[in-house]
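Chemist: Got a predicted structure here, sequence first:
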Amino acid sequence: MYKLTIAEQTYTCQPDESVLDTLLRENVAISYACKKGTCHSCMVRSLDNPPPEAAQVGLKSTLKKHHHFLACLCHPEQDMVIKLPDSSEFYTEGTVVVNDMLNRNTLLLIIAFKDAFEFNAGQFVNLQRADGLTRSYSIANTPQENNTLEFHIRRLPSGKFSGWLHDDIKVGDTIAVSEPRGHCFYLPERREQGILLVGTGTGLAPLAGILTDALAHGHSGPIYLFHGSREVEDLYRIDEMRQLAQQHENFHYIPCISSNHVPDGFTHGRANDVALATLTDLKGWRVFLCGHPDMVNQAKRMTFLKGASSADIYADAFLVTPN
Amino acid sequence: MTDSKNEQALYDRIGGEAAVNVAVDIFYRKVLNDHRINRFFDNVDMEKQAAKQKAFLTMAFGGPHNYTGEDMRKGHAHLVKMGLDDSHFDAVVENLGATLEELNVPQELIAEVVTICETTRNDVLGR
């Protein structure tokens, strides 16, 4: 019999029980439905050791890497320390070291920490104001950069949180930052695989992190980045991306403008449409989609139909909290 | 999985979970490309849907599942309201058959899969 520890409570998993069976018997609040590994409702995370392989069947490789597993399929092979998805979050205080504008409505915010902050490029965190107001933002840098997190914050019309970051936050202020979340990130495997990155607006933030990470790991397959917005003034980091494309033969950068005023060097059309017109066969490709939920949902389906395997499609839809 | 009969269960003969994993993308791609039925999938989340398709294939291959007729009714009621009928049910079964042919599954096994699908027809169509 093995012990399961969740937030300082300990439960005993009987020999014939799955982790889910034990938690349900002990009346621990956990979501579940199919109890056979299909619905993924009961996905939890092991905080110490890798979970049994059989409990990770069918999960995306990025989830496996972070020791997520399905409680219903998990028959423990040792004592386990487990985190439920809704367990309360641990926040770390960080200090703002940079706040500059990237373009007319996007703020570059860099937050520094005393100790190393562990994450994968492309994940997101929750930022929290002193009054408890909380929003999710993608991390734009890679962990190699010493103890800082970089964010691209677009000012939303009457956005409470983005307005606060844009108008009130100064260098030297502190902000509470949650643990990193999300499974839209690069894993250094199958380096010859083609990678398609499609982002709208600040969808560039996670994609830039993923791109930097892939290049740093010597990814050898073709990498295409399609960054789109309505007007050219809402794109950013254009010169840096062009420079990267010159330095790396396998990296291609295609900035896309959906309105009719399209300067030289930019492609007319929505980023996802341009991407799908450029790359007609995505069989074997890895796909990352970040930004507007409509774009993300549509592109998920279209890249799948163009041949990308559903397990190779990673998406991060930026949901806006209604006021 | 073992069957109560001496004969090996369909799920094992067809290749079990590995077969489901190979078939699911091919099948779902066919369904989304099929103009007769793809409107029923317009507003679904692809990831959740892929998991559901896997559960469906597992069932259709005679594998372990815990769907009841009632689940089938509830799960498709909103589609029946949208006009889901026999022709759409046939189209899905046809896509499944084509998927299995593409994977070189023998005809007699495909016939068994179709038979299992047929047992759900009235529940799916809410009759």
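Modeler: Perfect, I can see it now. Numbering: from 1, shown residues only, chains lettered A, B, ... in the order given.
Chemist: Mind jotting down where the helices sit in the stretch 151-300 of chain A?
Modeler: Residue ranges of the helices in the stretch 151-300 of chain A, as given by DSSP state H, counting those that start in this stretch, are A:160-167, A:204-216, A:238-247, A:271-278, A:293-305.
Chemist: which ones are touching A:L149?
Modeler: A:94, A:110-111, A:113, A:117, A:119, A:125, A:139, A:141, A:177 (Cβ atoms under 8 Å, 6 or more residues apart in numbering or on different chains). To be clear about C-beta, it is placed using only N, CA and C from the backbone, and glycine gets the same treatment.
Chemist: Name the spans of chain B whose pLDDT lies under the cut-off.
Modeler: B:1-7 (pLDDT under 70).
Chemist: How about the residues of it by chain A?
Modeler: Proximity of chain B to chain A is confined to B:17, B:21, B:24-25, B:28-29, B:32-33, B:45-47, B:50-52, B:54-55, B:58, B:64-66 under the rule Cβ under 8 Å from any Cβ of the partner chain.
Chemist: Please repeat the previous calculation with a cut-off of 7 Å.
Modeler: Applying Cβ under 7 Å from any Cβ of the partner chain, we find that chain B lies next to chain A at B:25, B:29, B:32-33, B:46, B:50-51, B:54-55, B:64, B:66.
Chemist: Just checking: what are the partner strands of the strand ranked longest in chain A?
Modeler: Assignment by DSSP state E gives strand A:92-103 as the longest strand of chain A. Under the criterion DSSP bridges, strand A:92-103 sits next to strand A:106-112 (antiparallel), strand A:174-177 (antiparallel) in its sheet.
Chemist: Pull the distance from it to the chain's centre.
Modeler: 19 Å (Cα atoms, centre = their mean, to the nearest Å).
Chemist: now swap in stretch B:118-127 and tell me
Modeler: The answer for stretch B:118-127 is 12 Å, by Cα atoms, centre = their mean.
Chemist: Could you do stretch A:291-305 as well?
Modeler: For stretch A:291-305, the distance to the chain centre is 15 Å (Cα atoms, centre = their mean).
Chemist: Name the residues of it that are buried.
Modeler: Applying a neighbour-count criterion of 16 or more other Cβ atoms under 10 Å in any protein chain shown, the buried positions in stretch A:291-305 are A:291-292, A:295-304.
Chemist: With pLDDT as extra columns, can I get these in TSV?
Modeler: Formatted as TSV, these follow (pLDDT from 0 to 100):
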residue	pLDDT
A:G291	94
A:H292	92
A:M295	94
A:V296	93
A:N297	89
A:Q298	91
A:A299	94
A:K300	93
A:R301	91
A:M302	93
A:T303	95
A:F304	94
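Chemist: Adding distance to A:H268 as columns, could you present these in CSV?
Modeler: Output for those, formatted as CSV (distance: Cβ to Cβ, whole Å):
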residue, distance to A:H268
A:G291, 18
A:H292, 18
A:M295, 16
A:V296, 21
A:N297, 23
A:Q298, 18
A:A299, 18
A:K300, 23
A:R301, 23
A:M302, 19
A:T303, 21
A:F304, 25
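Chemist: If you average pLDDT per helix and strand, which one of chain A comes out bottom?
Modeler: helix A:61-65 (a mean of 88; mean pLDDT, DSSP states H and E).
Chemist: quick one on the thing from earlier: just the strands paired with strand A:92-103: most buried one?
Modeler: strand A:106-112 (a mean of 21; mean count of other Cβ atoms under 10 Å in any protein chain shown).
Chemist: ok, residues contacting it?
Modeler: Here strand A:106-112 makes contact (Cβ atoms under 7 Å, 6 or more residues apart in numbering or on different chains) with A:94-102, A:147-154, A:165-166, A:175, A:177, A:202, A:236.
Chemist: Quick one: work out the angle between the helix or strand just after it and strand A:106-112.
Modeler: Sequence-wise, the next helix or strand downstream of strand A:106-112 (DSSP states H and E) is strand A:124-128. Taking axes from the mean of the first three to the mean of the last three Cα atoms, to 10 degrees, one finds strand A:124-128 and strand A:106-112 inclined to each other by 90 degrees.
Chemist: Now strand A:124-128: average pLDDT?
Modeler: Averaged across strand A:124-128, pLDDT comes to 92.
Chemist: Remind me what the helix or strand where B:Q49 lies packs against, helices and strands.
Modeler: Using DSSP H and E, B:Q49 maps to helix B:46-60. Helices and strands touching helix B:46-60, by 3 or more Cβ pairs under 7 Å, 6 or more residues apart in numbering or on different chains; DSSP states H and E, are helix A:293-305, helix B:16-33, helix B:107-118.
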